[in-house]
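Asker: Provided below for reference: sequence and predicted model.
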Amino acid sequence: MTLLALLDRIGRHARPILPAGLVLVALLPSSGGRLAPLVPWLVGALIAMTFTRIDLRPLSRDLARPRRALGLLAVLTLFQPVLALVLSQAGHWLDLPQTVILVLVVFAAAPPLSSAPALALMLGYDATVALRLMLAGTLLSPLMVPVSFWLADLPGSLPLEMALRTGAMLAGGLILGLCARKAIGRDRIARQARALDGVAALLMLAFLLPLVDGLAARIVAMPQLAALLAGLACLLNFGGNLLMRGTLGHRLPAPVAASFGLVFGNRNTSVILAAMPDPTIAFFVGLAQVPIYLTPALLGLYDRILARCSLSSES
């Protein structure tokens, strides 16, 4: 079997491979933190993979239209800095532990997940909406991430340093992705889409290595904190997703509202970890991979149940 055929096969079976890989990687023995320096490089590699496969011209045309560009900026401002401010103030008002407030701000400040358009396609949502929000959020992350932390006024956060680190990751990934797209060519990228899915799946599995490094041992050592962070990860992802979807469902077509919910709930928190290394953030980011990798299965089940209920009510 050739390498291209192997990658094609991996790409075709990525949905079961990724959750299985998450479990297997989590059970590996800890490296003692030796894999942590790989996080910024792997974040840059995933950004590069995204920009290798995506044509930026539609986004450029959107940004050339002031009304659409301002609309994207307004949505991302609500999704990130405004949400970070609201959640941090609510946390202080409710006298929540500093750990919880930090996790809430990390979620709010993080840009949309790079694989959000692929998840939208997989689930039958409006992938164009997910793509626009993901691309704009990724490109604006050197601004949105530090502004979110500045508004939240968390002790120990350095907005300027975060802006520089986030900008470096984005610039490296963007340049590498555009060079790879130029070298491979649009036609070949379209023909070998499944093989590139396979490359993306392998890269995502490699990305898990530093994120969940020693996760099982930390869960055993700190079961209460693990339960708290895992609960928050699932609540923020699935709860935020369904709340956004329900709020917009009466105003927008169902696939569009579902895409907004998907992008809102699935955040690239690893960008925050790479820009602001912290043990609590690392623990949360590792546990946050669970709802992300379960999203296709659980949202697919939710949509099927919702469709059956709609059919029953109509009959």
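Answerer: In hand now; what should we look at?
Asker: can you get me a residue count around R188?
Answerer: For R188, the neighbour count with other C-beta atoms under 10 Å is 11. C-betas here are computed from N, CA, C, even on glycine.
Asker: give me the contacts around the helix or strand harbouring it.
Answerer: Element membership for R188 (DSSP states H and E) is helix 186-191. Helix 186-191 is contacted by residues 52-53, 55, 181, 196 when judged by C-beta atoms under 8 Å, 6 or more residues apart in numbering.
Asker: can you list those in CSV and add neighbour count?
Answerer: Formatted as CSV, these follow (neighbours: other C-beta atoms under 10 Å):
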residue, neighbour count
T52, 21
R53, 21
D55, 12
R181, 18
L196, 20
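Asker: identify the farthest-apart pair in the residues you listed.
Answerer: Pairwise distances across the contacts of helix 186-191 (C-beta to C-beta) peak at 13.9 Å, for the pair D55 and L196.
Asker: quick one: pLDDT of L139?
Answerer: The model reports L139 with a pLDDT of 81.
Asker: tell me the phi and psi of the closest residue to it other than its chain neighbours?
Answerer: In space, L139 comes closest to L170 once its chain neighbours are excluded; the distance is 7.1 Å by C-beta to C-beta, 6 or more residues apart in numbering. When read as degrees, to the nearest 10, the backbone of L170 gives phi -60, psi -50.
Asker: ok, T166 touching P146?
Answerer: Yes. When contacts are counted by C-beta atoms under 8 Å, T166 is listed as touching P146 (7.3 Å).
Asker: next, L35: secondary structure please.
Answerer: Of the three states, L35 takes coil under DSSP: H, G, I helix; E, B strand; the rest coil.
Asker: secondary structure element for the spatially closest residue to it that is not a sequence neighbour?
Answerer: Nearest residue to L35, sequence neighbours excluded (C-beta to C-beta, 6+ apart): P210, at 3.9 Å. Element membership for P210 (DSSP H and E) is helix 193-211.
Asker: roughly how far is that helix from the heart of the chain?
Answerer: 14 Å (C-alpha atoms, centre = their mean, to the nearest Å).
Asker: so which bits of it are buried?
Answerer: Under the neighbour-count criterion of 16 or more other C-beta atoms under 10 Å, helix 193-211 has 194-202, 204-205, 207-208, 210-211 buried.
Asker: would you point out the most distant pair within those residues?
Answerer: Applying C-beta to C-beta across those, the maximum distance is between R194 and P210, 27.1 Å.
Asker: now tell me which helix or strand of the protein has the poorest mean pLDDT.
Answerer: Ranked by mean pLDDT, DSSP states H and E, the helix or strand of the chain with the weakest confidence is helix 57-63, at a mean of 70.
Asker: any buried residues in the helix or strand that that one is followed by, and which?
Answerer: Next helix or strand after helix 57-63 toward the C-terminus (DSSP H and E): helix 66-77. By 16+ other C-beta under 10 Å, the buried positions in helix 66-77 come out as 72, 75-76.
Asker: buried residues, stretch 79-98. List them.
Answerer: For stretch 79-98, burial by neighbour count (16+ other C-beta under 10 Å) applies to 79-81, 83-85, 87-88, 91, 96.
Asker: ends of it, what's the gap?
Answerer: In stretch 79-98, first residue to last residue: 22 Å (C-alpha to C-alpha, to the nearest Å).
Asker: could you do stretch 142-160 as well?
Answerer: 9 Å.
Asker: next, the buried residues of it.
Answerer: Neighbour-count burial for stretch 142-160 flags 142, 144-152, 154, 157, 159 (criterion: 16+ other C-beta under 10 Å).
Asker: on that earlier part again, between the buried residues of helix 193-211, which sits nearest A307?
Answerer: Closest to A307 out of those is D197 (26.5 Å), distances taken as C-beta to C-beta.
Asker: return the residues in contact with that closest one.
Answerer: Neighbour list for D197: 10-12, 14 [criterion: C-beta under 8 Å, 6+ apart].
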